[in-house]
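Q: Based on what follows, work out the 3D shape:
(3 chains)
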Amino acid sequence: MTRTPGSRWRGRYLALVAGALVLVTGCASDAPQDTFKPAGPYAQKIDNLARPVFYIAGVVLVLVFAAVLFVIFKFRQRDDDANKVPHQLHGNTKLEVLWTIAPAVLLVGVLVPTLATVFDLARKPKDPIQITALGQQWWWEFQYPGTGIVTSGEMVFPAGQTVLVTVSSRDVIHSFWFPRLNGKRDAVPGRFQTVKIQADKPGEYWGQCTEFCGLSHANMRMRAVALSPADWERWQANQTAAYAAPTDTLAKAGEAQFAARCASCHQINGLLGTDGKPIIPRDVPQVSGAAPNLSHLMSRSTFAGAIFDLKLPECTATNTEVTGTPVECLNRSALAAWLRNAPGQKPMVPELKGDPPKGRGMPNLNLTEQQIQELIAYLSTRK
Amino acid sequence: MAIIERPQPSGPLELAPAAVVTSRQSLGVFHRPTTESGWRSWLFTVDHKKLGIMYGVVAMFFFVVGGVEALFIRLQLAAPNGKILSAQTYNELFTTHGTTMIFLFVMPMAAAFGNYLVPLQIGARDVAFPRINAFGFWCFLGGGIFLYLSPLLGGLPDGGWFAYAPNTGPIFSPTHGMDFWTLALLITGIASLTGSLNLIVTILNMRAPGMTMMRMPIFTWMILVVQFLLVFAIPVITVALVLLSFQRLYGATFFNVEQGADPLLWQHLFWIFGHPEVYILVLPSFGIVSEVLPVFSRKPLFGYPFVVFSGVAIGFMGWGVWAHHMFASGLGPISVAVFSATTMFIAVPTGVKIINWIATMWGGRLWFTTSMHYAIGLVAMFTIGGLSGVTHAVSPADTQQTDTYYIVAHFHYVLFGGAVFGLFAGFFYWWPKVFGRMLNERLGKVGFWFMLVGMNLTFGPMHITGLQGQPRRMYRYADGMGFNFWNLVATIGAFTLALGVLLFIINALKSIKGPKAPLDPWDARSYEWMTTSPPIAENFASIPAVHGLDEFFHRKYEEDEVTGQLTKVATAEEILADQEAHREAHIHMPSMSYWPLVVASGFPILGLGLIFNTLLAIIGAAVIVGGIFGWALEPPTAPEADQGNDPDASGGTPKELASVG
Amino acid sequence: MADITIPKAAPVAHDDHGVGHYTSTGLSNNKLAMWLFLGSECLLFGGLISTYMLYRGRFQGGPSPEQVYDIPFTSISSFVLLMSSLTMVLAVASANRNDLRNARVWLLSTAVLGATFVGGQVYEFTAFYREGLGFTTSLFSSSFYTLTGFHGVHVTAGIIMIVVLVAMLNKDKVHGHKAETIEIVGLYWHFVDIVWIVIFTLVYLIPA
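A: Model prediction:
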């Protein structure tokens, strides 16, 4: 057999160590879902717990690697005398007991703070802001119990206060996760589970569905916006404001289009039907039984599972959650493309199946360009 | 339950030689096949060695299939918003990648090693139930083929390898893919269950004289633990699969949430199977490495009883940790706390193994063969996977890690760095025993470095992207999330890794014309080397008695009582010649049989029938039932004159190893 | 190395002549395999029973367990199945006394009693179905039919095994040790009975 000279070993391992260093230090900076950048106390608690564990694991790893490397260099066969046989040591019970107990003790050291954190995170907060997050294929709905506010894809809440999010699902299992605010919680249909979140500062946080939920699982993102207390009040006031009918002709035409073509699934609070009564979508032909509420679409920056920009990225307008996206900032081309052929923009299964027939996702409505322009004009007034 | 002790011997009830039916008065429709060469000798074989090789070849084929699927996945993810695969195709590929690698590669490859080596390591002539062994192989192959019929008949399964209900129910996964998936796993489950019963009985009942449990080669021990895990884990996933397939095929309500179903039922059933499954995948490799490290360190395994008992402990504790896969699913803090604790402590026996492996090398004379490279590679890479596993046991941290690429990184370090590296160590170590040819060491080492570097480039960066918030199972990721660079690195790594695997396949093919292997190329220690390479049909000319652990080594080397110095007193050739000189007369080997193949072939037909057509299902069931009758009624042996290995059998009593098997 | 005195040439090979193959544990291969298989079956039924226990109170849209169960009827069929265990014990005892004739009689009685039980189950299922409890009606119905159906299939497989065994005994076509073969089939039969006792208690007797 061929035997490898030691120098080649050494070179390879040095390269490996260097590679590992690059891996550790090379973390990219622009990562909106980075678990290492907690932005609130609950994520911080997890981080406080996890970091020392990572360090301990790192130390153990270095020790094991050092032992392996030492053994490789120290005890490598240096001559070809096949008859030389080392001492046949069968074991050492004392050592075995030692290295059974040592990791056990170390693990108890890790376990105690782990359990403390588990129960700490599970403690119900006093007087939290309540939000219900409902997952469905492939977008999130956020309800604000007691206020009538319903949003989709984007969750708005006040900074500096604990929010108790009740998580559930209308179809398959999803998972609710804002890495910088807390760990994830599965949205299991038929179960209502809570997770506390809190952001220390106003700002934008990104999250994503993390339980595989079918075709467009990758396109089920969510955005959270923490507002200052004053903005939070203004936001609530805006969300609960009475329906403002559009004034210009194009938007008025859009309102009619919406009532005729969209309102069977999408609700806009206060929109009246031809019979003079508010249109409330019932028996939505969706497996989940729901479609995003568009009452205040322009208070959001994204749409369709938070995967498309509704507000142009180059837009300098701020506080659009409260004031609504100005018309000039509206990403018309993305919205038009969506209205032109939604399933072409995002993989969905809109074909109606079963009895009663239901689909999963928005179908292609075969709208004309004129209808699309009217609808955009109408939707751009939904601030 | 009454276990009635029979008086021994029990007189007239016994099968008197006169009552023996030879194949000439065949009871079944067919005589037992007797071909000793050509494709028939493989198709109807019951020889554990041939079946082991067949398991290995088919598993290797599925390894390539699963690997190609992985390469497509990595190509799609090389850059943000990948366009190579559609969402549906991507979802199908990661489902089949996981399913293939676990159920059609690692498990059967471990079965290949177990089948081939266990009888040789314990000094048996075959397994306890040779026909059931063949049946198991054909079920595995049938299940594999059945799974890959799905793209021709309506689409690959698309629910992920753990197939969480209700996403895998008929509404959310309307193609036949998941039907094929559930039924394919039920069929391969039959293979696993029968195989495990067979190997347990073989190990417990058929050891050579003097081979007590604590003198068994460590690989056989680990295989024993794995078979016990299979015996108890397979029925649990069977229940889960039955519930899901009844829901999909017959409209059962098990996962209908609107009727009050609890989707966590699936998760519990799946993971009660699924976590022992992890040890089912990795313990055979631990066994292999525990054989390879002592041989190439030229020292006994350090703390053999501790390595054995830590393996057994892992086997037991593996049943108490399943809910750590569900830390985010809302179990409540008490369950989470309990499963955090159990999960942490399962790290202890695992750690004991790693330290014992290092202690085995300590003070040895390390010989860096390719096999040793892989074994040391496992020690290092598995340590990474084990440590990231401990970070999952910290359940609050796990709620940040689960279902992200950090988990993907973790289990690939465990399964690739652990299970697969162990299997490759085994390939290089036992290749000369199995095929009588050497693999090229030089090419082997180049391949090793490609695989080591490749796997670290592929799976290492996933730790980072995972902690940066990249969820798994996404066919695309957006730009500007910080995922781009490391995903590109992972893709490059995947192709490096694939190159390493390709080099192994080239190596394997070249070995057909490679140099003949010496009888004892590695100065090995255990029983399976005390026969020819490849072993003769009956494994051993005579079954030597066992005096201790590392029997072969202690027949070659003698220890000086005073100095403790070892001197070589015998070569492998001499030991073999001694055995040959004491060759046993009347060695009867089990006869070949058509029926394992016939019965096994009924299952895929039945499966297709359940999905598409009741008539076809009846045909499949008829094949199974008819095959079982043929099995029960076929003559116990082939015509003796055709049994080449037993020249003077004409006067003997026809019989086989086991009446049922 | 601890030195022990074992002759170098093995005195017993595994395929040794005579009926009882040498085994390291002393337990025959077939019997050991049956015990292991039954261990595995415990988890199969454990899973099915757990599913039923989880779902037995969820009969939304269909009849409840209390509405359909006919406890006296099922008690009688349970008693029949229990009696079949007794006849199986008698069959094994006869076989051990080398009394093959009686063994066959007791085996056939076992099969008849088992078939009576299965017949009772078929009757029960049809009665339930007529009362509106279809397989797809509710979570309770799906899990009830799956659990008891699996058990019924096991009993049926046992009956087929017994009938075939008797036929093979008649024609003297059982390879190997007859009494042990009967005993192994008996092990399976007793297991299926014990499972029924558990099912009967949990499913029928303990109210949801």
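
Q: Just the pLDDT for residue A:19.
A: You'll see residue A:19 listed with a pLDDT of 58.

Q: what's near enough to touch residue A:100?
A: By CB atoms under 8 Å, 6 or more residues apart in numbering or on different chains, the contact list for residue A:100 reads B:306, B:348, B:352. For the C-beta atoms, the positions are set from N, CA and C on the backbone; glycine is no exception.

Q: Kindly report the same for residue B:315.
A: If a contact means CB under 8 Å, 6+ apart, then residue B:315 has B:225, B:226, B:228, B:229, B:276, B:279, B:283 as its contacts.

Q: Next: residue A:184.
A: By CB under 8 Å, 6+ apart, the contact set of residue A:184 is A:175, A:176, A:177, A:195, A:210, B:328, B:399, B:400, B:402, B:403.

Q: hmm, try it at 7 Å
A: A:175, A:176, A:177, A:210, B:328, B:399, B:402 (CB atoms under 7 Å, 6 or more residues apart in numbering or on different chains).

Q: Then residue A:267?
A: So residue A:267 contacts A:280, A:281, A:293, A:295 (CB under 7 Å, 6+ apart).

Q: re earlier: so which of the contacts of residue B:315 is the closest to chain C?
A: Relative to chain C, the closest of the contacts of residue B:315 is residue B:228; by CB to the nearest CB it sits at 8.6 Å.

Q: For that closest one, give me the pLDDT.
A: At residue B:228, the pLDDT value in this model is 97.

Q: What is the host helix or strand of it packed up against?
A: Element membership of residue B:228, judged by DSSP states H and E, is helix B:218-250. When contacts are defined as 3 or more CB pairs under 7 Å, 6 or more residues apart in numbering or on different chains; DSSP states H and E, helix B:218-250 packs onto helix B:107-122, helix B:177-205, helix B:264-297, helix B:304-317, helix C:29-55.

Q: Compile those into CSV and extend it with columns for distance to residue A:328 and mean pLDDT.
A: Formatted as CSV, these follow (distance: least, CB to CB, whole Å; pLDDT from 0 to 100):
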stretch, distance to residue A:328, mean pLDDT
helix B:107-122, 61, 97
helix B:177-205, 47, 97
helix B:264-297, 49, 96
helix B:304-317, 63, 95
helix C:29-55, 57, 96
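
Q: got the angle between the helix holding residue B:228 and helix B:304-317?
A: Counting by axes from the mean of the first three to the mean of the last three CA atoms, to 10 degrees, helix B:218-250 points 10 degrees away from the direction of helix B:304-317.

Q: Can you list the buried residues in helix B:218-250?
A: For helix B:218-250, burial by neighbour count (16 or more other CB atoms under 10 Å in any protein chain shown) applies to B:218-248.

Q: roughly how far out does that helix sit from the chain middle?
A: Relative to the chain's own centre, helix B:218-250 is displaced by 13 Å; criterion: CA atoms, centre = their mean, to the nearest Å.

Q: Helix C:29-55 and that one, what's the angle between them?
A: Put simply, helix B:218-250 runs at 50 degrees to helix C:29-55, going by the same axes, to 10 degrees.

Q: what angle do helix B:218-250 and helix B:107-122 make?
A: 150 degrees.

Q: Nearest to chain C among the contacts of residue A:100?
A: The nearest member of those to chain C, counting by CB to the nearest CB, is residue B:306 at 18.1 Å.

Q: What number of residues are in the vicinity of the closest one?
A: By other CB atoms under 10 Å in any protein chain shown, the residues close to residue B:306 number 25.

Q: Now the residue nearest to it when sequence neighbours are not counted: which helix or strand?
A: Of all residues not flanking residue B:306 in the chain, residue A:96 sits nearest, at 4.6 Å (CB to CB, 6 or more residues apart in numbering or on different chains). Element membership of residue A:96, judged by DSSP H and E, is helix A:93-122.

Q: who are the neighbours in contact with residue B:438?
A: Residue B:438 sits next to B:432, B:511, B:514, B:515, B:517, B:521 when contact means CB under 7 Å, 6+ apart.

Q: just to revisit the earlier point, and the two most separated of the contacts of residue A:184?
A: Put simply, by CB to CB the two of the contacts of residue A:184 set farthest apart are A:176 and B:402, 12.7 Å from each other.

Q: Roughly how far does residue A:310 sit from residue A:223?
A: Distance of residue A:310 to residue A:223, computed by CB to CB, to the nearest Å: 11 Å.

Q: So if I had to pick from the two, which one is more boxed in?
A: Ranked by neighbour count (other CB under 10 Å), residue A:310 and residue A:223 place residue A:310 first, with 26 against 20.

Q: show me where pLDDT drops low in the chain?
A: This is for chain A. For chain A, the stretches flagged by pLDDT under 70 are A:1-29, A:82-83.

Q: wrong one, I was asking about chain C
A: Residue ranges of chain C with pLDDT under 70: C:1-21, C:175, C:208.

Q: where do the helices sit along it?
A: Remark: helices assigned in chain C by DSSP state H are C:29-55, C:65-68, C:71-96, C:100-130, C:139-170, C:178-199.

Q: three-state assignment of residue A:167?
A: Of the three states, residue A:167 takes strand under DSSP: H, G, I helix; E, B strand; the rest coil.

Q: Can you give me the separation between it and chain C?
A: 22 Å (CB to the nearest CB, to the nearest Å).

Q: Next, count neighbours for that residue.
A: Residue A:167 has 25 neighbours, counted by other CB under 10 Å.

Q: tell me the contacts of it?
A: A:133, A:176, A:185, A:187, A:193, A:195.

Q: what's the distance between residue B:76 and residue B:463?
A: 20 Å.

Q: ah, wrong one, I meant residue B:399
A: From residue B:399 to residue B:463 the distance is 17 Å (CB to CB).

Q: what's the burial count for the closest residue to residue C:90 other than its chain neighbours?
A: Distances taken as CB to CB, 6+ apart place residue C:106 nearest to residue C:90, at 4.4 Å, with adjacent residues excluded. Residues lying near residue C:106 (other CB under 10 Å) number 23.

Q: circling back: dump the helices of chain C to TSV, plus distance to residue B:537.
A: Converted to TSV, those look like this (distance: least, CB to CB, whole Å):
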stretch	distance to residue B:537
helix C:29-55	20
helix C:65-68	59
helix C:71-96	36
helix C:100-130	37
helix C:139-170	30
helix C:178-199	28
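
Q: Which stretch among those helices approaches residue B:208 most closely?
A: Per CB to CB, nearest to residue B:208 of those: helix C:29-55, 16.0 Å.

Q: The closest one near chain B anywhere?
A: Yes: using CB under 7 Å from any CB of the partner chain, helix C:29-55 reaches chain B at C:29-30, C:32-33, C:36-37, C:39-41, C:43-44, C:47-48, C:51, C:54.

Q: Okay, buried residues for the host helix or strand of residue B:133 please.
A: If you go by DSSP H and E, residue B:133 is part of helix B:130-147. Buried residues in helix B:130-147, counted by 16+ other CB under 10 Å: B:130-144, B:146-147.

Q: quick revisit: between the residues of helix C:29-55 next to chain B, which sits nearest residue B:59?
A: Residue B:59 lies nearest to residue C:40 out of those, by CB to CB, at 23.2 Å.

Q: what residues are up against the closest one?
A: Contacts for residue C:40 (CB under 7 Å, 6+ apart) come out as B:193, B:231, B:232, B:234, B:235.

Q: make it 8 Å
A: For residue C:40, the contact set (CB under 8 Å, 6+ apart) comprises B:193, B:197, B:231, B:232, B:234, B:235.

Q: got JSON lines for the residues you listed, with distance to residue A:75 too?
A: Output for those, formatted as JSON lines (distance: CB to CB, whole Å):
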{"residue": "B:193", "distance to residue A:75": "43"}
{"residue": "B:197", "distance to residue A:75": "42"}
{"residue": "B:231", "distance to residue A:75": "40"}
{"residue": "B:232", "distance to residue A:75": "40"}
{"residue": "B:234", "distance to residue A:75": "42"}
{"residue": "B:235", "distance to residue A:75": "46"}
